[in-house]
Structures are given as C-alpha cells and as structure tokens.
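Engineer: I'd like to go over a predicted model; first the sequence, then the structure.
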Amino acid sequence: MPNNIYRLHFNENPLGPSPKVIEAINGHAPNLGAYPTRDDEKLRHVLAEFYGNGLTPNHFYSTYSGSEGLDLIARIYLSPGDEGIICKPTFGVYQVTAGWQNAKIVDVPLDPDHFTLRVDDILAAVNDRTRLIYLGNPNNPTGTIITHDEMERLYSTLPEEVMIVSDEVYYQFVRNPAYPDSLAAVMADRKVLVLHSFSKAYGLAGLRVGIVIAQPDIISRLVHLRRTFHLGTVEMEAAIAAIGDQDHIKNSVDLAWSGKQWLYDQFDRLGLKTWPSEANFILFRTAIPSDEVADRLSQEGILVGPGTRFGIPDCIRVSVGLPEANEAFIKALEKVI
C-alpha cells in the first residue's frame, strides 16, 4: 500500500475549510444537544447581504447539498412524461433526479471536439413537453463554460414554460470575462434557477450545504417542500463563517489556478490532450482506457475520476491538489501511461 493517498477524484478544496469555520464549529459544539431552528432565515439574510445586487433573503433557499436542490427543482417542475434536456458529458445527478419524477431525459451532447454548448441543437430539441434545461457552468467534468452571449440567446428564444437550471457550483474559480452574470439574470426575471454550493471553494463537502437562487415565487414553492428541521446548527453556522472569510476563497482559487497552470505544462510535455478549464480540475485524454489508468494510479496512491462515469471512456478528470499531490500525480501518471 502507498504511504500517502492523494484524493484528486472529487474536486475537493485541498486547503479544506477556513479556520473561521473550524472556530465556528467548535464554538457551537456545546449546543449540539439542542434541536436547530426550523428554517434558514439567518443564513438567507447573510447570503443576501453578501451577494448584493438587489437580492433579498427571499431570493435564496438553502439545501442539504446542491444535489438536494436538484431533487427539489425536479419535484416542482417535472411530472411523468415531461422532458428535461441535458448536455453530456455532464453531472449525472441531473438525469437521476429527473428520473425520480418519471420524466424523460433528452441528451443534446456538447461539441465533441471542444466540449462547448450547441445552442442551435438545444433549441431544436425543445418541444411542448420540455420543462427544464440543465446546464453545468462550468461543466463537470470538462471545466468548460457557457458564455454570456450563449445564455442570452437561450433566454431570448426559449418558450415561457421552459426553465434553465444553471448549476454554478464551481463559479468562484472562473476568471473568463465571458462568463454570464446569472444573479443579474435572476433579478431581470429571466427563466433561470441558479445553484451554488459550499462543497467546492468553501471546502465544506463533508457538511453538505447548497443554495438555490431564484425569483421569490419560485423559492416559495421550494419552501413548501422543506423538511421539519431544515439545516443543522453546525451546517448553518459553518456556512455563515465560510462566507465571512473571502480571503480563504481567494487563496483557494489562486492555488487552483497556479496548480492548473503547472499541470497544463506537464500535460503538454507528455503530449496529452486537455481542454481549457475554468474550474478546479482538468480533463485530459489518454490512449489507455480511463478505468485502467485510474486503477493503476490508485495502486500508486492517486485517486482520479475515470471518464467512463461520464460517457467519455478515453478521458480522465483530475482535481487540482496541493503542489505535493500534483507532483505525485504526474510522477505516477508517467509510470502508467
């Protein structure tokens, strides 16, 4: 067994949570014997103040992870026989949660060479049964983005009854100026629900906190599906503390970008195809099946995401880690390819 295991398969923040989060968790530990509040009002007020742009607490709804947000959205928008559009390769939970409502999933694949959105093909796939269009932005597993102009074209062309689910859980890592301002779209009453998460840049994957941002009338429909006790005390206080330490976010994003550049240089040196990623991971192509490469890497103590789970068996997604982890990954990759 290798001495060290490097977790480069789940796009986690290698810095972990902010020290302020740890302090908040420890500070509320004595209260764990008491039930939490029945709503997320405290967090929603902090979110409204943080995001600004005219957003109010009624524009937010916190969930037990972004995946729960996807489930709730499917429950209010999809009925048996309705259709949801996805663009593979993409996050598999879109299809899973839509399937729970017995909805039909229509796949409009990304461009296979560039992994970019095919807007014309999406519009052609829309019919009178279409209710949701799921867009990962940045996309998981490719890291590519949907631009402002592409989103504007969808907003202006889609029928009134079709909603876009803009999954932006990696948005904090984006530096491309063409990235759309989805919060402005919400305020402009565009047909969009936005998903954010505390699992990625905030480093709270173990606590499972997500956010849905949408018009208040949509949020009120989600509230009706709320569990008796919405978020645990630790989750809520940790999320609030995380928002309060944006220096930690900056350090995390800077680490991801410096690590990506180093990894891109190594992939170029090894002659491996990659795609421009705006997230904290890179997708690369290998001549050996990805399951085989991932298995060999795991034997070297390196965990990565094989593309088979996304329908691209010749690709691998690797998260950006600390320099030590990135170097160990490249050293192991050189041995197995």
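Structural biologist: Sure, I can see it. Numbering: from 1, shown residues only.
Engineer: quick one, strands of the stretch 151-300 of the chain?
Structural biologist: 163-167, 192-197, 210-213, 281-285 (DSSP state E, counting those that start in this stretch).
Engineer: any weak-confidence spans in the stretch 51-200 of the chain?
Structural biologist: Along the stretch 51-200 of the chain, no part satisfies pLDDT under 70.
Engineer: hang on, the earlier thing: please convert the strands of the stretch 151-300 of the chain to TSV, extending it with mean neighbour count.
Structural biologist: Every C-beta, even on glycine, is put in place using the N, C-alpha and C of the backbone. Shown next, in TSV, are those (neighbours: other C-beta atoms under 10 Å):
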stretch	mean neighbour count
strand 163-167	25
strand 192-197	25
strand 210-213	24
strand 281-285	23
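Engineer: would TSV of these with distance to A185 be doable?
Structural biologist: As requested, the strands of the stretch 151-300 of the chain are exported to TSV (distance: least, C-beta to C-beta, whole Å):
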stretch	distance to A185
strand 163-167	8
strand 192-197	5
strand 210-213	10
strand 281-285	25
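Engineer: what's the closest of those to T63?
Structural biologist: Within the strands of the stretch 151-300 of the chain, the stretch nearest T63 is strand 210-213; the backing value is 4.4 Å (C-beta to C-beta).
Engineer: Can I get that closest one in CSV, CA atoms only?
Structural biologist: Once non-C-alpha atoms are left out, strand 210-213 reads as follows in CSV (Å, rounded to 0.1, in the frame of the first residue of the first chain):
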residue,chain,number,x,y,z
GLY,A,210,-26.1,24.1,-1.2
ILE,A,211,-28.1,27.2,-2.3
VAL,A,212,-30.8,27.8,-4.8
ILE,A,213,-31.1,31.4,-6.1
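Engineer: Tell me the helices and strands packed up against that strand.
Structural biologist: strand 60-63, helix 66-77, helix 182-187, strand 192-197 (3 or more C-beta pairs under 8 Å, 6 or more residues apart in numbering; DSSP states H and E).
Engineer: how far out from the middle of the chain is that strand?
Structural biologist: A distance of 11 Å separates the centroid of the chain from that of strand 210-213, by C-alpha atoms, centre = their mean, to the nearest Å.
Engineer: Any chance you could list what contacts that strand?
Structural biologist: Strand 210-213 has contacts (C-beta atoms under 8 Å, 6 or more residues apart in numbering) with 47, 51, 55, 59-69, 72-73, 169, 182-183, 186, 193-199, 219, 222.
Engineer: One more pass at 6 Å, please.
Structural biologist: 59-63, 65-66, 69, 186, 193-194, 196-197 (C-beta atoms under 6 Å, 6 or more residues apart in numbering).
Engineer: follow-up on the earlier one: so which of the helices and strands packed on strand 210-213 comes closest to I105?
Structural biologist: helix 66-77 (10.8 Å).
Engineer: which parts of the closest one are buried?
Structural biologist: Neighbour counts over helix 66-77 (16 or more other C-beta atoms under 10 Å) mark 66-74, 77 as buried.
Engineer: Can you tell me the centre-most residue of the chain?
Structural biologist: Geometric centre of the chain, nearest residue: V169, 3.2 Å, by C-alpha atoms, centre = their mean.
Engineer: Correct me if wrong: that residue contacts F198.
Structural biologist: No: counting by C-beta atoms under 6 Å, V169 does not reach F198; the two are 9.1 Å apart.
Engineer: related to what we said a few turns ago, which two of the contacts of strand 210-213 have the greatest separation?
Structural biologist: The widest separation within those (C-beta to C-beta) is 20.6 Å, between S65 and V186.
Engineer: Next, the closest residue to V293 other than its chain neighbours: phi, psi?
Structural biologist: In space, and not counting its chain neighbours, V293 is closest to T286: 5.4 Å by C-beta to C-beta, 6 or more residues apart in numbering. Torsion angles at T286 (phi, psi; degrees, to the nearest 10) stand at phi -130, psi 150.
Engineer: on that earlier part again, tell me which of the strands of the stretch 151-300 of the chain lies nearest to L8.
Structural biologist: It's strand 281-285; of the strands of the stretch 151-300 of the chain, that one is closest to L8 (C-beta to C-beta) at 8.2 Å.
Engineer: Can I get that closest one in PDB, CA atoms only?
Structural biologist: Output in PDB follows, covering the C-alpha atoms of strand 281-285 (Å, rounded to 0.1, in the frame of the first residue of the first chain):
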ATOM      1  CA  PHE A 281     -10.000  20.300 -12.200                       C
ATOM      2  CA  ILE A 282      -8.700  19.300 -15.600                       C
ATOM      3  CA  LEU A 283     -10.000  16.800 -18.100                       C
ATOM      4  CA  PHE A 284      -7.300  15.000 -20.200                       C
ATOM      5  CA  ARG A 285      -7.400  12.300 -22.800                       C
END
